[in-house]
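Novice: Pasting the sequence and the predicted coordinates here, then a few questions.
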Amino acid sequence: MESDLVLSTFLVAWLAAAVRLAGPLLLSALGEIFAERSGILNVGIEGTMLIGAVASYLVALQTGSPVMGLLAAMLAGLAASLFLAWMYVSVQANQVVVGIIFNILALGLASYFYRLFMGGVSGPQKIVMFEPIAIPFLSEIPLLGPILFRHTVFLYAVMLLVPVAGFVLYRTKLGLRLRAVGENPRAASTAGISVSAMRYVGVLISGAAAGAAGSYLILAQVGLFRETIIAGQGFIALAIVIFGRWNPYKAALAALVFGAADALQLSLQLFQVGLPPQLLLALPYLLTVIAMSGLLGKANQPDSLMMPYRRE
């Protein structure tokens, strides 16, 4: 009886943490789906998340408002993605190279602005965060209540964005045009669709989502900024897009799988199972390698992904 109680407590704590940790991964992956559906591989989401994280921390610290921190992160993400879109679409530079270099640049920029604004402050400064909200009645459901209905409003909003993203992609003219330029930009251009404009839109959506995902780590999880806070989550989001076959609903399931892997290593460490902690920490990244290697089957990516287009 006691062992059953311990097991149920472990499962509830693990799955609740999995849902919580999946939040930033899902948010950045949803934005990346829009970019890749338009034909752009935005490798720079790792750096954009970091810029969003530092912007949200500094603004929330100054204003005392997590909402203002979130807005600042989204604006910072838009600014960063505007530069990336210009490099990807207008300059037509190599998308992988630009994204990797931007990630390095973003680390330097985030460190510089953090030290610029916090140079005279001793010790880490805690900020006001989004607090968990227990949804009445639903949060009292055995097992499911603590797992799904005792999180922050930020996470609930991310969950709602999944059907919104699906509706936009598959039920609106904007989604149709994005998918058209990602599959066959020449045919889309012949039909009167501006390929460049749609690809700019895709990257800007990706940037705003990545900036918000970076702020999620600050405003809903940690409450402090450090330069290593992203820790490869932008690259995991890229894997989730592949794992989810460029579909928002499947990406949500993939994000939960990655979140569960991340939460599992935290939970198992508490129970001292005897496994090396380095092995447990590697679980999410092992899944990333598997997802991006094609071992789970060939992914039908957009036909014109990473293919520059210049109107003749």
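Specialist: Here it is on my side, so go on. Numbering: from 1, shown residues only.
Novice: going forward, measure contacts and count neighbours with C-alpha atoms only.
Specialist: OK.
Novice: How about residue 256: what's its closest non-neighbour residue?
Specialist: Nearest non-adjacent residue to residue 256, counting by Cα to Cα, 6 or more residues apart in numbering: residue 22, 5.4 Å away.
Novice: Within the helices and strands, which one has that neighbour?
Specialist: Element membership for residue 22 (DSSP states H and E) is helix 2-37.
Novice: where along this structure do the strands fall?
Specialist: Using DSSP state E, the strands of the chain run over 132-134, 150-152.
Novice: Tell me which strands the last one pairs with, and in which orientation.
Specialist: Strands adjacent to strand 150-152 in the sheet, as given by DSSP bridges, are strand 132-134 (antiparallel).
Novice: How far off centre is the strand it pairs with?
Specialist: In terms of Cα atoms, centre = their mean, to the nearest Å, the centre of strand 132-134 is set 22 Å apart from its chain centre.
Novice: how about the strands of the chain in JSON lines, adding distance to residue 44, mean neighbour count and mean pLDDT?
Specialist: JSON lines is the format used below for the strands of the chain (distance: least, Cα to Cα, whole Å; neighbours: other Cα atoms under 10 Å; pLDDT from 0 to 100):
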{"stretch": "strand 132-134", "distance to residue 44": "30", "mean neighbour count": "15", "mean pLDDT": "91"}
{"stretch": "strand 150-152", "distance to residue 44": "27", "mean neighbour count": "21", "mean pLDDT": "93"}
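Novice: ok, back up a step: burial check on the residue nearest to residue 256, number of neighbours?
Specialist: The tally of other residues near residue 22 (other Cα atoms under 10 Å) stands at 26.
Novice: show me what contacts it?
Specialist: 255-256, 258-260 (Cα atoms under 8 Å, 6 or more residues apart in numbering).
Novice: Now, these that are in helices?
Specialist: In helices, defined here by DSSP state H, the members of these are 255-256, 258-260.
Novice: For residue 225, state which of the residues you listed is nearest.
Specialist: Of all the ones in helices among the contacts of residue 22, residue 225 sits closest to residue 259, with 20.9 Å by Cα to Cα.
Novice: Quick one: the contacts of residue 22 as CSV, columns for distance to residue 154 and pLDDT too.
Specialist: Below are the contacts of residue 22 laid out as CSV (distance: Cα to Cα, whole Å; pLDDT from 0 to 100):
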residue, distance to residue 154, pLDDT
255, 16, 93
256, 16, 93
258, 19, 88
259, 16, 90
260, 19, 88
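Novice: List just the nearest of those residues to residue 87.
Specialist: Checking these against residue 87 by Cα to Cα gives residue 255 as the nearest, at 28.6 Å.
Novice: how close does the closest one sit to residue 234?
Specialist: Separation of residue 255 from residue 234 (Cα to Cα, to the nearest Å) stands at 12 Å.
Novice: who touches both of these two?
Specialist: residue 25.
Novice: do you know how far residue 109 is from residue 188?
Specialist: 37 Å.
Novice: Just list the residues touching residue 281, thanks.
Specialist: 262, 265.
Novice: before we move on, what about residue 68?
Specialist: By Cα under 8 Å, 6+ apart, the contact set of residue 68 is 56, 59-60.
Novice: Next step: those restricted to helices.
Specialist: Those of these mapping onto helices are 56, 59-60, per DSSP H.
Novice: sorry, back to before: show me what counts as buried in the helix holding residue 22.
Specialist: 10-37 (16 or more other Cα atoms under 10 Å).
Novice: lowest-confidence helix or strand of this structure?
Specialist: Least confident helix or strand of the chain, by mean pLDDT, DSSP states H and E, is helix 277-281 with a mean of 67.
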